[in-house]
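> Sequence isn't available, so here's the structure alone:
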């Protein structure tokens, strides 16, 4: 291993470059250290990749991996999902289409001999979080990143609080609205998993500001919790059909999946005019940087260069872009 900690090579901010993470097999190395390599691409020329949607957590980075053969440290939740993703990589196979998942089962069984593409976009690693200019540059590309990804993995976290039961139940939601007695045998099964489903919806993932656009923008969302997963473009929309007692959190169980369906049915013309609605709808979602209350929603607006900030620049309005060099008060 090369000496010294990992240092980022600057991205060309005059272009539309992004970095992608690739796992390096541990063949013959005799340990379980996660080894990765960062590659830089023009987004229009990227190979197939998967974007990761997850929560950072409040802990300090304490898990060691390597990037380009140099030490790099990540937080607990990211470490957990990297371990799962690494176990899926088949370096001996070429990329194939994403498998069509037919149920909630152990993720390694779902993939069998199929390969999960060995290129990922993970914000905490692929963006130099210490560089304000780069952060702004990459945040302004979030719409393109999550729209260009072949799929998005929504990592809900490790298995606990009967999440396996909840995942099984949610996958098998009937494709029709709920009313007492109408779901037949499934209604009895739902009662058994009611608390587990409520606990799943109360996880920190659902209250994070950044997951709003990460959940709404992609065509396909691959849901991963512990070792269980399913992948269908429409599964999460069925959450709006759950009875209130099955979620206990109307904001999570109804608004976000419902808004995904609503937003995707609207025209791009409408997307450019809904910033005020987004700010109101998702005002209670959390983020560590108050500026992200606005920046985390810009990807849903469409052509953000058509918006401007006349109060901050009264003489010459400028496009509303993510800019971490300005203060929350200025924003």
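That came through, no problem. Because the structure is a prediction, the values reported are computed rather than measured.
> Neighbours of residue 120, how many?
For residue 120, the neighbour count with other CB atoms under 10 Å is 22. All C-beta spots, glycine's among them, are computed from the backbone N, C-alpha and C.
> Is it bridged to anything, and to what?
With DSSP bridges as the criterion, residue 120 is bridged to residue 21, residue 50.
> Ok, residue 65 next?
residue 72.
> In this protein, mark out all the strands, start to finish.
Using DSSP state E, the strands of the chain run over residues 17-24, 35-42, 50-53, 63-67, 70-74, 105-106, 120-121, 151-157, 221-225, 228-231.
> Residue 168 contacts residue 229, correct?
No - counting by CB atoms under 8 Å, residue 168 does not reach residue 229; the two are 11.3 Å apart.
> Neighbour count: those two, which is higher?
Using other CB under 10 Å as the criterion, residue 168 and residue 229 rank with residue 229 on top: 25 against 17.
> how far away is that one from residue 156?
Distance of residue 229 to residue 156, given as CB to CB, to the nearest Å: 10 Å.
> what's the answer for residue 135, then?
Residue 135 sits 25 Å away from residue 156, going by CB to CB.
> Of those two, which one has the most company?
residue 156 (25 against 20).
> what's near enough to touch the more buried one?
If you count contacts by CB atoms under 8 Å, 6 or more residues apart in numbering, residue 156 has them with 163, 200, 203, 205, 223, 224, 225.
> pLDDT score assigned to it?
pLDDT for residue 156: 92.
> Report the spatially nearest residue to it, omitting neighbours in sequence.
For residue 156, ignoring the flanking residues on the chain, the nearest one in space by CB to CB, 6 or more residues apart in numbering is residue 225 at 4.0 Å.
> quick one on the thing from earlier: any idea which of the contacts of residue 156 is closest to residue 296?
Minimum distance to residue 296 across those is 14.2 Å, recorded for residue 205 (CB to CB).
> Confirm for me that the closest one is in contact with residue 158.
No - contact criterion CB under 8 Å: residue 205 and residue 158 do not qualify, at 11.8 Å.
> Between those two, tell me which one has more neighbours.
Legend: neighbour count by other CB under 10 Å for residue 205 and residue 158, higher for residue 205 (20 against 15).
> mind checking pLDDT for residue 300?
Residue 300 carries a pLDDT value of 81.
> Repeat that for residue 75.
For residue 75, the pLDDT comes out at 96.
> How much space separates it from residue 58?
Counting by CB to CB, the gap from residue 75 to residue 58 is 9 Å.
> Give me the more crowded residue out of these two.
Remark: of residue 75 and residue 58, residue 75 carries more neighbours, 18 against 9, as counted by other CB under 10 Å.
> List the contacts of that one.
Shown in contact with residue 75 (CB under 8 Å, 6+ apart): 56, 57, 59, 60, 61, 62, 63, 124.
> who wins for most neighbours among those?
Neighbour max across the contacts of residue 75 (other CB under 10 Å) = residue 56, 19 neighbours.
> is it true that that residue touches residue 78?
Yes - with contact defined as CB under 8 Å, residue 56 counts as touching residue 78 (7.3 Å).
> and for the two, which residues touch both?
Contacts common to residue 56 and residue 78, judged by CB under 8 Å, 6+ apart, are residue 124.
> where does the chain have low pLDDT?
Within the chain, the ranges that satisfy pLDDT under 70 run 1-3, 27-28, 30, 90-117, 172-189, 231-274, 302-319.
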